[in-house]
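Participant: okay, sequence plus prediction incoming.
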Amino acid sequence: MAAPMAVPRGSAAGSSYPTIELGSLLHQYTLGLVLIAGSDADTPSRPVQWVHSSELEDPTPFLPPRTVLLTTGARFSGIRDQQAADAYVQRLIDAGTTALGIAVGLHWDRVPATFVSACDRLGLPLFRVPYDTSFIAIVQGAARLLDAQLRERDIWALDSQRAVSNASMHRDGLGAAVREAASRLGRWVGITDRSGRIVEFAPQSARPRAHPEWIRRETRQLIERGLSSGRIGADHSGGHDGHGLQMQALGREGKVLGVLVVEDQGAPDHAERALLGLVAALATVQLEHRSGLDAAEATLRTAIAQLLLTGDAVLAEKLATGVLARVPRGPVVVIRFALPQRIDAAFLPDLESFDAGSPGLLRAELDGGPVVFAETRHLPGLRRLLLAHRVPAGISERGPIDDLTTLLGEAERALEHALASDADGPVDYLPALHDGVLHLLGTHPEARRRAEGLLAPIRHHDTRHGDHIEASLRTWLAHHGQTSPAAAELGVHRHTLRTRVQTAANLLQSDLDSPDTRAELWAALRLVDDAE
């Protein structure tokens, strides 16, 4: 990859046209221009877009910004006092004029002192044009410099586009292209998804001044208004006292996939626009590829989710190559959600956009319903998305990837609660809320001790005689005391099961037809199972 080429200083902030520096024009020794007033440390770097001559008493209505004005002073005889000279110079400054050049030897032997004083005090660079230097020579000199600057920008654009294209060929194509573009432009560049979440950003050192919440808000407004691009000034009210934003929607009409966000340092020139256009095109292709979830890919995602649930992370990683940026690792969270009948049409595109290229996030279909396995760092963004679209969902506790099955169960119980309570957003799994009374009992040591004491006669009998009274009792209770289905599950004759249940009743000296006794026994069995 070619070494980065810095943006030429002649490309002035705020100008979309090629410019040169005032110092480069004044240093053309063949012109003999002499700076005599209004100079400061920034004078040599002042941008010049064009050179124009005028003898009007007020030429400012016809002067574009960043112009060097040349005059012979033919009308200066009407500007006799200092106040009038100050007003003339102030009008030039208000019009964005870069400098004033006054010719000597025609109407004035020397530059009038009132103009020297006005330019010095008001800060407008003033230079003397000698008699032998024609205005057309100055214009031609500026044109040659501007043409050279334009060629230099074209070379920069071609070199930068080639470097960004090569970077996009890497495995991390979009991220590499964004990093290369940021290096070439000398400003930060980011890609967001539809929700405004930053999915790619460079350089990382610029993140503190990027203000993610501001970017998220402006991205959503751009998409909701149906605009393709925009420039946003710095949000001083929110503490964003730096540069603004340049934004460009990515995707095609009717399907916005994300937004290209660039730090605004003035209107980009033709070279920068060409480079940003290439980055937008590459990002659109990458996001289209990432979000393209067809039937085959959906099947693969489901298979990957099932492998993770069975603990086969190695095979899941291999199967995920080319489908996911990376399977979830480390602390994870599981989200189960239901799609209401009147769901916001933008929810699924927003979810696909969030999912596209997000390392450590897997969206799949399990048992006929959508599920998301995600590393915990993705949870705030997913929660905002579900809340924004009022989608009922259940969110598990955080846990290791090895506990994925348990986390999935938690998410399903939380979703059941969300649906039962008509929640219009996500509900977090809380053991005390979703595991009920048995969970509360299980947290108390005395409850477990009493459960073990209650079941001790049965367990002692099974150990002594090699019998299966406890297992038979558990299955019988699970079938609400129905002998035939319980016997079928155990693979024994129903008379055998009746005998075992009667044995349990004798050992416990309890009436198993009593609902209180059955409830107490079931709770005891659950408590000792959890303890083991």
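Facilitator: Done, it's in.
Participant: every contact and neighbour count from this point should use C-alpha atoms.
Facilitator: OK.
Participant: for the residue positioned nearest the centre of the chain, give its distance to residue 52.
Facilitator: Among the residues of the chain, the one closest to the centroid is residue 198, at 1.1 Å (CA atoms, centre = their mean). Residue 198 sits 46 Å away from residue 52, going by CA to CA, to the nearest Å.
Participant: follow-up on the earlier one: which non-adjacent residue is nearest the residue nearest to the centre of the chain?
Facilitator: Nearest-residue entry for residue 198: residue 192, 4.2 Å, with adjacent residues in sequence omitted and distances by CA to CA, 6 or more residues apart in numbering.
Participant: what pairs with the helix or strand hosting that neighbour, parallel or antiparallel?
Facilitator: If you go by DSSP states H and E, residue 192 is part of strand 189-193. Paired strands of strand 189-193, with direction, are strand 198-202 (antiparallel), strand 255-264 (antiparallel) (DSSP bridges).
Participant: output stretch 274-283 as PDB, nothing but the C-alphas.
Facilitator: Extracted in PDB, the C-alpha atoms of stretch 274-283 (Å, rounded to 0.1, in the frame of the first residue of the first chain):
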ATOM      1  CA  ALA A 274     -14.400  11.800  -5.000                       C
ATOM      2  CA  LEU A 275     -12.700   9.900  -2.100                       C
ATOM      3  CA  LEU A 276     -15.800  10.100   0.100                       C
ATOM      4  CA  GLY A 277     -17.900   8.900  -2.800                       C
ATOM      5  CA  LEU A 278     -15.700   5.900  -3.100                       C
ATOM      6  CA  VAL A 279     -15.900   5.200   0.700                       C
ATOM      7  CA  ALA A 280     -19.700   5.500   0.500                       C
ATOM      8  CA  ALA A 281     -19.800   3.000  -2.400                       C
ATOM      9  CA  LEU A 282     -17.600   0.500  -0.700                       C
ATOM     10  CA  ALA A 283     -19.500   0.800   2.600                       C
END
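Participant: element containing residue 371?
Facilitator: strand 369-375.
Participant: can you check residue 89 too?
Facilitator: Using DSSP H and E, residue 89 falls within helix 82-94.
Participant: what's the answer for residue 58, then?
Facilitator: Using DSSP H and E, residue 58 sits in no helix or strand.
Participant: tell me how many other residues crowd residue 170.
Facilitator: By the criterion of other CA atoms under 10 Å, residue 170 has 12 neighbours.
Participant: which pLDDT value belongs to it?
Facilitator: Per-residue pLDDT puts residue 170 at 82.
Participant: measure the nearest residue to it once chain neighbours are set aside to residue 320 for me?
Facilitator: Among residues not flanking residue 170 along the chain, residue 176 sits closest, at 6.9 Å (CA to CA, 6+ apart). Using CA to CA, residue 176 is found at 21 Å from residue 320.
Participant: right, so of the strands paired with strand 189-193, which gets closest to residue 81?
Facilitator: Closest approach to residue 81 among those (CA to CA): strand 255-264, 42.9 Å.
Participant: who touches the closest one?
Facilitator: Strand 255-264 has contacts (CA atoms under 8 Å, 6 or more residues apart in numbering) with 187-196, 219, 223, 231, 243-251, 280, 284, 287-288, 349, 353.
Participant: average pLDDT for that strand?
Facilitator: Mean per-residue pLDDT for strand 255-264: 87.
Participant: returning to what we had before: contact partners for the residue nearest to residue 198?
Facilitator: Each residue near residue 192 by CA under 8 Å, 6+ apart is listed here: 198, 199, 200, 219, 258, 259, 260, 261.
Participant: do that again at 6 Å, thanks
Facilitator: Applying CA atoms under 6 Å, 6 or more residues apart in numbering, one finds that residue 192 lies in contact with 198, 199, 258, 259.
Participant: what about it, distance to residue 209?
Facilitator: Separation of residue 192 from residue 209 (CA to CA): 16 Å.
Participant: over to residue 501?
Facilitator: Separation of residue 501 from residue 209 (CA to CA) stands at 72 Å.
Participant: hmm, back to that, make JSON lines out of the contacts of residue 192 and add distance to residue 359.
Facilitator: Formatted as JSON lines, these follow (distance: CA to CA, whole Å):
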{"residue": "198", "distance to residue 359": "13"}
{"residue": "199", "distance to residue 359": "10"}
{"residue": "258", "distance to residue 359": "17"}
{"residue": "259", "distance to residue 359": "19"}
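Participant: residue 501 and residue 209: which has the busier surroundings?
Facilitator: The residue with more neighbours, out of residue 501 and residue 209, is residue 501; 22 against 13, by other CA under 10 Å.
Participant: the closest residue to the more buried one other than its chain neighbours: how many residues sit nearby?
Facilitator: Leaving aside its sequence neighbours, residue 501 sits nearest to residue 473 (CA to CA, 6+ apart; 6.1 Å). The number of residues packed near residue 473 is 26, by other CA under 10 Å.
Participant: so residue 473 sits in a helix?
Facilitator: Yes: according to DSSP: H, G, I helix; E, B strand; the rest coil, residue 473 belongs to a helix.
Participant: need the pLDDT of it.
Facilitator: pLDDT, residue 473: 90.
Participant: and residue 402, by the same measure?
Facilitator: pLDDT for residue 402: 89.
Participant: who's in contact with it?
Facilitator: Per CA under 6 Å, 6+ apart, neighbours of residue 402: none.
Participant: wasn't it part of a helix?
Facilitator: Yes: according to three-state DSSP, residue 402 belongs to a helix.
Participant: state the distance from it to residue 305.
Facilitator: In terms of CA to CA, residue 402 sits 13 Å off from residue 305.
Participant: same check on residue 142?
Facilitator: Noted for residue 142: a distance of 65 Å to residue 305, by CA to CA.
Participant: and what of residue 339?
Facilitator: Relative to residue 305, and taking CA to CA, residue 339 is found at 20 Å.
Participant: neighbour count winner among these two?
Facilitator: Between residue 339 and residue 305, counting by other CA under 10 Å, residue 305 is the more crowded of the two (26 against 15).
Participant: just give me the neighbour total for the nearest residue to residue 485 once chain neighbours are set aside.
Facilitator: Among residues not flanking residue 485 along the chain, residue 479 sits closest, at 7.0 Å (CA to CA, 6+ apart). Neighbours of residue 479 under the rule other CA under 10 Å: 15.
Participant: give me the pLDDT value at residue 479.
Facilitator: The per-residue pLDDT reported for residue 479 equals 88.
Participant: do the same with residue 68
Facilitator: So residue 68 comes in at 96 (pLDDT).
Participant: residues touching it, list them.
Facilitator: 51, 98, 99, 100.
Participant: export those residues to JSON lines and tack on secondary structure, distance to residue 506 and neighbour count?
Facilitator: Shown next, in JSON lines, are the contacts of residue 68 (DSSP: H, G, I helix; E, B strand; the rest coil; distance: CA to CA, whole Å; neighbours: other CA atoms under 10 Å):
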{"residue": "51", "secondary structure": "strand", "distance to residue 506": "111", "neighbour count": "23"}
{"residue": "98", "secondary structure": "coil", "distance to residue 506": "106", "neighbour count": "24"}
{"residue": "99", "secondary structure": "strand", "distance to residue 506": "109", "neighbour count": "28"}
{"residue": "100", "secondary structure": "strand", "distance to residue 506": "113", "neighbour count": "27"}
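Participant: quick check: residue 364 touching residue 301?
Facilitator: Yes: in terms of CA atoms under 6 Å, residue 364 counts as a neighbour of residue 301; the distance is 5.4 Å.
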